[in-house]
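Asker: Sequence and computational prediction follow.
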Amino acid sequence: MSRSNSRTTTTRTVVLRRKPWKETSFLLELFSPDLGRITAIAQGARSEKNAGGSEPLAEYEMSLYHSNGPWFLRSSHLVRSLRKDYRRDTVMYAACELYEQTVLPPEDARSHWDLLLAFFDYLQHEKRHPIAIFWRFALHVCHLLGIDLDIERCVACGQTDNEWAAFFPMRNGLVCNNCQPSLAEPALLPLSESTSRLLHALPHIGNVLDEIEIPDETIQQVNRILLAHLSSHFNKPFHFKSLQLYG
Ligand SMILES: [Zn+2]
């Protein structure tokens, strides 16, 4: 029986990243519930009048082809644009950056897809604090990857109600006010009161979004915790370039 190594498939996709490729093409980093994360070439797409069909922050149904090599985009149909406003677009880009840098097991692609789409859906209606929704999403991604970031228990004493004083990167967790003075640990990332309050609220953040304020300092500190956690687990520096523009 002969086996063909070429195949065409139709699947839902989100474009995680798009960059120019050769004279007229785009190189696409795609995420699909059926294929996981793949790289595909959109041949000639840049020479067309409308380079649509592979925009970031949109959901597509794409027909893809491959034969012993890279995937090629054959055609695409726009399911919906996800773009909203500057801040929401920024955190959607951050989610794409997260998926681009993380090792996502192909067998879990469907779960990661559902999580990503649920995040995009939630953002369509949450205008006030999109960054908090991103943090909640990132914690869910960590959970699915089996690298939980425990923000509910002090890594030193196990207490759950105390104010958080710092993040302890070596132990991937939080240190409370009681324990911090006794830890002669230079690598602690100190946290403000406002960040402590936010971290206590994060597990049920959807219920309190209308009541809270999130100062810039807290945004930076929580982002730093996430990056430290991801960098230590994947043994490489993580970045959210898009979040540097959030404000
Ligand atoms: Zn403690």
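Answerer: Done, it's in. Numbering: from 1, shown residues only.
Asker: So what touches the helix ranked longest in the chain?
Answerer: In the chain, assigned by DSSP state H, the helix with the most residues is helix 216-234. Helix 216-234 has contacts (CB atoms under 8 Å, 6 or more residues apart in numbering) with 98, 101-103, 131, 135, 138, 142, 145, 147, 149, 167, 169-170, 172, 189, 191-192, 194-195, 198-199, 237-240, 243, 246-247. Quick note: C-beta positions are derived from backbone N, CA and C, even for glycine.
Asker: Residues of this structure that sit close to the ion?
Answerer: Within reach of the ion by CB under 5 Å from the ion, the chain has these residues: 154, 156, 157, 159, 176, 179.
Asker: Give the helix, strand or coil label for residue 15.
Answerer: The three-state label given to residue 15 by DSSP: H, G, I helix; E, B strand; the rest coil is strand.
Asker: right, and it touches residue 30 too?
Answerer: Yes: counting by CB atoms under 8 Å, residue 30 is a contact partner of residue 15 at 6.1 Å.
Asker: what comes up buried for the longest helix of the chain?
Answerer: 218, 219, 221, 222, 223, 225, 226, 227, 228, 229, 230, 233 (16 or more other CB atoms under 10 Å).
Asker: And the buried ones among the residues of the chain next to the ion, selectable in PyMOL?
Answerer: To isolate the buried subset of the residues of the chain next to the ion in PyMOL, counting by 16+ other CB under 10 Å, use the following:
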select buried, resi 154+156+176+179
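Asker: which stretches of this protein have low pLDDT?
Answerer: For the chain, applying pLDDT under 70 flags the ranges 1-5, 48-52.
Asker: where do the strands sit along it?
Answerer: 6-21, 25-32, 36-42, 58-67, 71-81, 150-154, 164-168, 173-176, 189-190 (DSSP state E).
Asker: Let me see the contact set for residue 239.
Answerer: Counted by CB under 8 Å, 6+ apart, residue 239 has contacts 97, 101, 227.
Asker: Tell me how far the most centrally placed residue in the chain lies from residue 68.
Answerer: Computing the C-alpha centroid of the chain and ranking residues by CA atoms, centre = their mean puts residue 95 first, at 2.6 Å. Look at residue 95 and residue 68: by CB to CB, to the nearest Å, they are 32 Å apart.
Asker: quick one: contacts for residue 13?
Answerer: 30, 31, 32, 59, 60, 61, 62, 76.
Asker: buried subset of these?
Answerer: 30, 31, 32, 59, 60, 62, 76.
Asker: Which members of those residues are the farthest-apart pair?
Answerer: Maximum pairwise distance among these (CB to CB): 14.2 Å, between 31 and 76.
Asker: What number of residues are in the vicinity of residue 46?
Answerer: 15 (other CB atoms under 10 Å).
Asker: Quick check: the two most widely separated of the buried residues of helix 216-234?
Answerer: Across those, the longest distance by CB to CB is 22.8 Å; it joins 218 and 233.
Asker: does residue 61 really touch residue 12, like I thought?
Answerer: Yes: applying CB under 8 Å, one finds residue 61 in contact with residue 12, separated by 5.8 Å.
Asker: Find the residues that touch each one of the two.
Answerer: Residues touching both residue 61 and residue 12 by CB under 8 Å, 6+ apart: residue 79.
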